[in-house]
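> sharing a model prediction with you, sequence too.
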Amino acid sequence: MQAEQRARPLWSRSIFLRYNIPAVQLTLFSKQRRESVLETLAICKRLVGMIWDMDKRLLTAAVLSALVPSIVPFVNAYIYKLVIDAIIAGLSDPAAINMQHLVMLLTTRVATYFVQDAAFSTQGYVERLLWTKFPIYLNKKLFGHIAELDIENFEDPAFRDRLEKVRDSWYRPQNLITGMLFALQSLVQFLIAFVAMLTLNWMLVLPIALIAIPEFLYRLYESQSAWSIWDWHSHRKKRYSYLSHMLQDAQSIKEMRIFRLAPLFVQQTTAVQEEFYEDNKSLSMRAYLFRLIFNGLSTVVFVGIEVYVIVLAFARRVTVGDISFYTQIVSNFQNGLGGLLRNMNDVFEASLYVKSFFEVMDAPAVMSSAQNATVLELTQSPSITFDHVSFRYPGMDHEVLNDFNLEISPREKVAFVGENGAGKTTIIKLLARFYDPTSGRILVNGTDLRELELDSWHRQLAILFQDFNRYEDTAKQNIYFGNVLRNMDMKDIEKAAVDAGANAMIDALEKGYDQMLGRMFESGEELSVGQWQKIALARAYYRNAPVLILDEPTAAIDAKAEAEIFTRVEELSKDKTVILISHRFSTVRMADRIIVINEGKLFEQGSHAELMRQKGVYAELFSLQAKGYQ
Ligand SMILES: Nc1ncnc2c1ncn2[C@@H]1O[C@H](COP(=O)(O)OP(=O)(O)OP(=O)(O)O)[C@@H](O)[C@H]1O
Ligand SMILES: [Mg+2]
């Protein structure tokens, strides 16, 4: 279907249909046009406001240095006219030559060149500063905001599309501002030329405007199309980023090699890029033809006006100097108008892309922005209550948790067991308030999580996630990241490492705690999966928070180390609430209470001994595992 559309001839309307560009874009005063103009203006205003906040002097300098080059050429052309007229007057009557006057004119002309050059240099310098400074400012704002956003956003494909767009259009804010500066420059140039041309014959304005306006409209249509293609392709580009990441990532390369996936992935990346190329090609072809026509027409008009001025000179209605002056004026008028329209159009185009920046920046951080939230301050580990909690992930059609009820007392050690996909990790995500329950409440010391200031709650949590992070940094930093609010304390870091069974392994590294881990940076040392997990566990311990949550903490850790780790967990978490998730029943045994979760419901609970006596699911699974070792 798509291939068929693309194969249509150049003038087909396929591009309208495919990208949903209303044909109405080609009309000058439609409601859509007005709205998109207003939107563009709002985006421009906001972006300029940001730059103004960042550096007022730099922005002012950029505007001023953009204005000078649009004024100087007129001064220059006028002086040149005066020089020619003086020379011609001198030719017919040598006595009329005023040398002093001529020298003054020529000196001023030289001076204007210096002014022009200085303005260009200043412009280059200022823009360079602006475009190295602004990304720092923008990124700080953008990343700062992204860091506050809810986890839900990052698990939402539509939001990921938006992020991808931002990543893909990092240079557009710069284009927008440059476009505005150039548009301003062209506007001034156009206005001066307009006034000068009126002094000659106002009707000359007409043929030029007659060409410029359709050209402007066509360009608007063209940029709208370019943007629509880009927009339409953005989810594919996400696919492209993903594929190219997989092709380059050290982690993924092993499996891809053995399964021979690389050729397939290369083929897919190429296909994505080629489609984009094909769509752009047909648009470029159209743009090429239109430009050829418009450029031809403007040359005709330009030459026509030139001839007109020469005729006027023969009729002695203007001087010979005027021929040079008006030729320059007409050229400036044309350049000014063309530049204005072109740059307005660039501004419009860039604003479509910059919009996605603001969309990301305006995405609300719902979870962290509760008003009048209670700041949680604990003197001892809290009680945690799940009160009729049901939950489904956004866009999902069934409940992951279904009327889940559980009360965890302060300092209690509970363990969750259950099949893959039962909802164990989801419970942790709800407890960390990455999501809110679809119905029901989660209470901490009797207060609903939604009423707590989220930061103050997170400070009470040390969580080792099932898919923990591996930081490409030193061993020491990897552990310190567990509690960056405190100054680094080597004694505590080492203690956490000892408790997590990571100390001996770190000591054995060439640079010990200062050893760079991972393979991304120079002199980094790669660890085994289990070694990484021990480091992550140490990080959770270092946090020393009243609630310790371990989601499959020893999945990759050998049996001996695991046994040692769990004897220590008991000692070091005497005053903490501990939630442990594990598929290994040997480790679950030590918990005060074992919770069996099945299809998002609390299925069984009790101590190991109680559950074994009950002879339910737990007893059955435990025996099954035990049998494997007999
Ligand atoms: N971000 C998500 N968006 C949508 N569905 C999800 C998401 N994360 C998990 N799920 C679904 O929720 C269900 C429960 O997942 P969860 O990760 O809580 O299981 P689990 O009990 O921790 O399993 P495991 O033992 O394998 O770790 C699964 O069916 C999964 O498909
Ligand atoms: Mg899980």
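Right, received. Where do you want to start? Numbers count the residues shown, from 1 in each chain. Ligands and ions are numbered 1, 2, ... in the order given.
> now do the strands in this protein.
Assigned by DSSP state E, the strands in the chain fall at 384-391, 401-408, 413-417, 439-444, 447-448, 461-464, 547-551, 577-581, 593-598, 601-606.
> now those strands in CSV, with mean neighbour count, mean pLDDT and distance to ligand 2?
Where you see a C-beta, it was placed from the backbone N, CA and C, and this is true even at glycine. Rendered in CSV, the data for the strands of the chain read as follows (neighbours: other CB atoms under 10 Å; pLDDT from 0 to 100; distance: least, CB to the ion, whole Å):
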stretch, mean neighbour count, mean pLDDT, distance to ligand 2
strand 384-391, 18, 97, 14
strand 401-408, 18, 95, 13
strand 413-417, 23, 94, 9
strand 439-444, 18, 97, 18
strand 447-448, 15, 94, 25
strand 461-464, 22, 96, 12
strand 547-551, 23, 95, 6
strand 577-581, 24, 94, 6
strand 593-598, 21, 94, 10
strand 601-606, 17, 93, 16
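> tabulate these (TSV), appending distance to ligand 1.
Supplementary listing: the strands of the chain in TSV, determined by distance: least, CB to the nearest ligand atom, whole Å:
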stretch	distance to ligand 1
strand 384-391	9
strand 401-408	8
strand 413-417	8
strand 439-444	15
strand 447-448	22
strand 461-464	13
strand 547-551	7
strand 577-581	7
strand 593-598	7
strand 601-606	12
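> which bits of this protein sit near ligand 1?
155, 393, 396, 400, 418, 420-426, 466 (CB under 6 Å from any ligand atom).
> among the residues you listed, which are within reach of ligand 2?
Residues of the residues of the chain next to ligand 1 in contact with ligand 2 (CB under 5 Å from the ion): 424, 425, 466.
> list just the nearest of those to residue 434.
residue 425 (10.4 Å; CB to CB).
> count of residues packed around the closest one?
17 (other CB atoms under 10 Å).
> how about stretch 616-630: buried residues?
617, 618, 619, 621, 622 (16 or more other CB atoms under 10 Å).
> helices - which of those land there?
Within the buried residues of stretch 616-630, residues falling in helices by DSSP state H are 617, 618, 619, 621, 622.
> same list (these) but as a markdown table, adding pLDDT.
Shown next, in a markdown table, are these (pLDDT from 0 to 100):
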| residue | pLDDT |
| --- | --- |
| 617 | 88 |
| 618 | 89 |
| 619 | 90 |
| 621 | 86 |
| 622 | 86 |
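> pick the one among those residues closest to residue 139.
residue 621 (49.8 Å).
> is it correct that the closest one is in contact with residue 585?
Yes. Between residue 621 and residue 585 there is a contact under CB atoms under 8 Å: 6.9 Å.
> list residues touching both of those two?
Common contacts of residue 621 and residue 585 (CB atoms under 8 Å, 6 or more residues apart in numbering): residue 417.
> residue 526 touches residue 515, doesn't it?
No. Residue 526 lies out of contact with residue 515 (CB under 8 Å); the separation is 11.0 Å.
> so these two - more neighbours on which side?
residue 515 (19 against 12).
> so how far is residue 506 from the more buried one?
Residue 515 sits 7 Å away from residue 506, going by CB to CB, to the nearest Å.
> do residue 446 as well
41 Å.
> ditto for residue 260
Applying CB to CB, the value for residue 260 to residue 506 is 38 Å.
> what about these two, which has more around it?
Between residue 260 and residue 506, residue 506 has the larger neighbour count (other CB under 10 Å), namely 28 against 8.
> for the more buried one, what are its contacts?
Per CB under 8 Å, 6+ apart, neighbours of residue 506: 475, 497, 512, 513, 515, 535.
> now do 6 Å
Listed by CB atoms under 6 Å, 6 or more residues apart in numbering, the contact set of residue 506 reads 475, 497, 513.
> ligand 2: which of these is nearest?
residue 497 (25.4 Å; CB to the ion).
> surely the closest one and residue 503 touch.
Yes. Here residue 497 lies in contact with residue 503, judged by CB atoms under 6 Å, at a distance of 4.3 Å.
> neighbour count: those two, which is higher?
residue 497 (27 against 18).
> what number of residues lie near residue 458?
16.
> dihedrals phi and psi, residue 574?
Here is the backbone geometry of residue 574 (degrees, to the nearest 10): phi -50, psi -40.
> relative to residue 575, how far out is the nearest residue to it once chain neighbours are set aside?
Counting by CB to CB, 6 or more residues apart in numbering, residue 411 is the residue found nearest to residue 574 once chain neighbours are left out, at 7.3 Å. Distance, residue 411 to residue 575, by CB to CB: 6 Å.
> of those two, who's got more company?
residue 411 (17 against 10).
> isn't that one right up against residue 382?
No. Between residue 411 and residue 382 there is no contact under CB under 6 Å: 9.8 Å.
> find the residue at the geometric middle of the chain.
residue 166 (3.6 Å; CA atoms, centre = their mean).
> reformat the strands of the chain as a markdown table; add distance to residue 566.
Compiled in a markdown table, the strands of the chain are given as follows (distance: least, CB to CB, whole Å):
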| stretch | distance to residue 566 |
| --- | --- |
| strand 384-391 | 22 |
| strand 401-408 | 19 |
| strand 413-417 | 11 |
| strand 439-444 | 26 |
| strand 447-448 | 32 |
| strand 461-464 | 14 |
| strand 547-551 | 10 |
| strand 577-581 | 9 |
| strand 593-598 | 14 |
| strand 601-606 | 20 |
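> out of the ones you listed, the one nearest residue 51 is which?
Of the strands of the chain, nearest to residue 51 by CB to CB is strand 461-464, at 39.6 Å.
> tell me which strands the closest one pairs with, and in which orientation.
The pairing partners recorded for strand 461-464 under DSSP bridges are strand 547-551 (parallel).
> relative to strand 413-417, how tilted is the strand it pairs with?
Angular relation of strand 547-551 and strand 413-417 on a 0 to 180 degree scale: 20 degrees, by axes from the mean of the first three to the mean of the last three CA atoms, to 10 degrees.
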